[in-house]
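Engineer: Everything below, folded, please.
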Amino acid sequence: MTCRHLSILLPAAQTLVWAAPVYAQAFSGDTPVANKIATDGKRWSAARTPDGQPDLQGVWDAASMTPLERPLELGNKEFYTPQEMAAYEKKRAQDLNRDRRDGSADADLGRAYNEAWFDRGAHLASDRRTSRLIDPPNGRFPVMTPTAVTKYGDVHSWLAQHANDGPETRPLPDRCLIFSQSGPPFLPGNYNNYYQIVQSGGMVAILSEMGHQARIIPLVKGPVSQPRLPRIVRQWAGNSVGHWEGETLVIETTNFRASDQSRFGVQYDGMSDENLRVIERLTRTGPKTLTYRATVIDPTVYVQRWTVEFPMERTANPLLEYACHEGNYAMAGILSGARAQEKGAGEKTALPKK
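Structural biologist: Residues are numbered from 1 along each chain as shown. All right, here's what the predicted structure looks like:
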């Protein structure tokens, strides 16, 4: 797999957006956002696009040290104090350091790339939350339904023996099909956590750095009678439709393509099925901050819905192309290595020649 480092900026993202057709509108600047109080005591609102909507455009960075799930020992503690935050950042930097050489050989191998290739952020997110998962209140994923638990166990038992049978049995990120960062929902990871947003009068385009995957989202006046693809038409990123609720862009996505492999990438080995629905909310919450919230609803898999929330910081850096398919040499290596192991095992168990 490749990552952002040592890449060159190509016009692929612009070409993709132009073909939508979605045309970028001029940035309105870093005007303060609604429901925030400026230093002079006045309430201020987000900058506006020419059609009067909150301006979400730009490149946004979701990288931070904040874990997806809350550490068990914190219980229902939602936020760190500034002092706790500093202590936790120091400890987490050490825990996440891929240049460490302590532990077993397996632990060393599991650290994969060295630290130079990671871009997870050097600090906790600016909201000081103890986890990106905010609901359930304990910051942990809810339990699965009994039927889903059985299916999950059966699938993983089968994969333990057949994970390398062919490309179709490998995880979705290995196949360059879907990533935790590209979503929905967005679940930031170890690197490539940029998102570029472009708006037009009736469309919003969101380009994820990881996988270089774009969603072209039509906007409607409200959540009722939204245009949908037929239920039989399924896509890895689903079918997204958006509408504005005041200062917030609300995106509802259905029609996900189901798979036995987790669609949540390397961040969470969860499960979903054809009933998955994701509701995302994007709100400007500061001059250089956009808050992202996503609720996952899948009643045949989870006993309750779950929600993640985190801030994304505006950056002046460009979003570079992530050429996953073009550079996916690892797939050939994984499968050829598995065939070599099978051949070696076959030779050991073969009957001696007479």
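Engineer: all helices for the stretch 201-350 of the chain, in order.
Structural biologist: 329-349 (DSSP state H, counting those that start in this stretch).
Engineer: how about low-confidence regions in it?
Structural biologist: Scanning the stretch 201-350 of the chain with the threshold set as pLDDT under 70 gives 223-227, 349-350.
Engineer: hmm, 90 instead?
Structural biologist: For the stretch 201-350 of the chain, the stretches flagged by pLDDT under 90 are 201-202, 221-231, 265-266, 322-330, 344-350.
Engineer: need the strands for it, in chain order.
Structural biologist: In the stretch 201-350 of the chain, the strands defined using DSSP state E, counting those that start in this stretch lie at 203-208, 213-218, 239-245, 248-254, 277-286, 289-297, 306-315.
Engineer: what's the most buried one of these?
Structural biologist: Of all the strands of the stretch 201-350 of the chain, strand 203-208 has the most neighbours on average by mean count of other C-beta atoms under 10 Å, namely a mean of 22. Every C-beta, even on glycine, is put in place using the N, C-alpha and C of the backbone.
Engineer: Any chance of the strands of the stretch 201-350 of the chain in a markdown table with distance to residue 118 as columns?
Structural biologist: Shown next, in a markdown table, are the strands of the stretch 201-350 of the chain (distance: least, C-beta to C-beta, whole Å):
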| stretch | distance to residue 118 |
| --- | --- |
| strand 203-208 | 18 |
| strand 213-218 | 21 |
| strand 239-245 | 30 |
| strand 248-254 | 29 |
| strand 277-286 | 26 |
| strand 289-297 | 21 |
| strand 306-315 | 17 |
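Engineer: Of the ones you listed, which is nearest residue 67?
Structural biologist: Nearest to residue 67, of all those, is strand 306-315, at 10.8 Å by C-beta to C-beta.
Engineer: Against which helices or strands is that closest one packed?
Structural biologist: Contacts defined by 3 or more C-beta pairs under 8 Å, 6 or more residues apart in numbering; DSSP states H and E place strand 306-315 against strand 58-61, strand 133-135, strand 289-297.
Engineer: list the buried ones in the helix or strand just after the second one?
Structural biologist: Spelled out, that is strand 133-135. Sequence-wise, the next helix or strand downstream of strand 133-135 (DSSP states H and E) is helix 146-162. By neighbour count with 16 or more other C-beta atoms under 10 Å, helix 146-162 contains the buried residues 148, 151-152, 159.
Engineer: Surely residue 305 touches residue 277?
Structural biologist: No: contact between residue 305 and residue 277 fails when scored by C-beta atoms under 8 Å: they sit 9.0 Å apart.
Engineer: Identify the contacts common to the two.
Structural biologist: Counting by C-beta atoms under 8 Å, 6 or more residues apart in numbering, the shared contacts of residue 305 and residue 277 are 296-298.
Engineer: Tell me which residues are up against the strand or helix carrying residue 90.
Structural biologist: With secondary structure defined by DSSP H and E, residue 90 is part of helix 82-96. By C-beta under 8 Å, 6+ apart, the surrounding residues in contact with helix 82-96 are 65, 67, 80, 100, 118, 120, 122-124, 128.
Engineer: So for residue 191, which of the helices and strands packed on strand 306-315 sits nearest?
Structural biologist: Of all the helices and strands packed on strand 306-315, strand 58-61 sits nearest to residue 191, with 11.3 Å by C-beta to C-beta.
Engineer: tell me what that closest one is packed against?
Structural biologist: Packing partners of strand 58-61 (3+ C-beta pairs under 8 Å, 6+ apart): strand 194-199, strand 306-315.
Engineer: Please render those as CSV that adds distance to residue 340 to the earlier fields.
Structural biologist: What follows is these, written out as CSV (distance: least, C-beta to C-beta, whole Å):
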stretch, distance to residue 340
strand 194-199, 37
strand 306-315, 40
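Engineer: out of the ones you listed, nearest to residue 185?
Structural biologist: Set against residue 185 and scored by C-beta to C-beta, the helices and strands packed on strand 58-61 come closest in strand 306-315, at 6.0 Å.
Engineer: Need the CA coordinates for the closest one. PDB is fine.
Structural biologist: Listed next in PDB are the C-alpha coordinates belonging to strand 306-315 (Å, rounded to 0.1, in the frame of the first residue of the first chain):
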ATOM      1  CA  TRP A 306     -23.400   4.200  17.900                       C
ATOM      2  CA  THR A 307     -22.000   7.700  17.300                       C
ATOM      3  CA  VAL A 308     -18.500   9.100  16.700                       C
ATOM      4  CA  GLU A 309     -17.600  12.800  16.800                       C
ATOM      5  CA  PHE A 310     -14.300  14.700  16.300                       C
ATOM      6  CA  PRO A 311     -13.100  18.100  15.100                       C
ATOM      7  CA  MET A 312     -11.200  18.500  11.800                       C
ATOM      8  CA  GLU A 313      -8.800  21.300  11.500                       C
ATOM      9  CA  ARG A 314      -8.400  23.400   8.300                       C
ATOM     10  CA  THR A 315      -5.100  23.100   6.600                       C
END
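Engineer: Residues in contact with that strand: which ones?
Structural biologist: The contact list for strand 306-315 (C-beta under 8 Å, 6+ apart) reads 30, 58-62, 64, 66, 68, 125-127, 129, 132-136, 141-142, 185-188, 194-195, 285-286, 288-296.
Engineer: Need the buried ones from these selected in ChimeraX.
Structural biologist: The buried residues among these can be selected in ChimeraX (16+ other C-beta under 10 Å) with this line:
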select :30,58,59,60,61,62,64,66,68,125,126,127,129,132,133,134,136,141,142,185,186,187,188,194,195,285,286,288,289,290,291,292,293,294,295,296
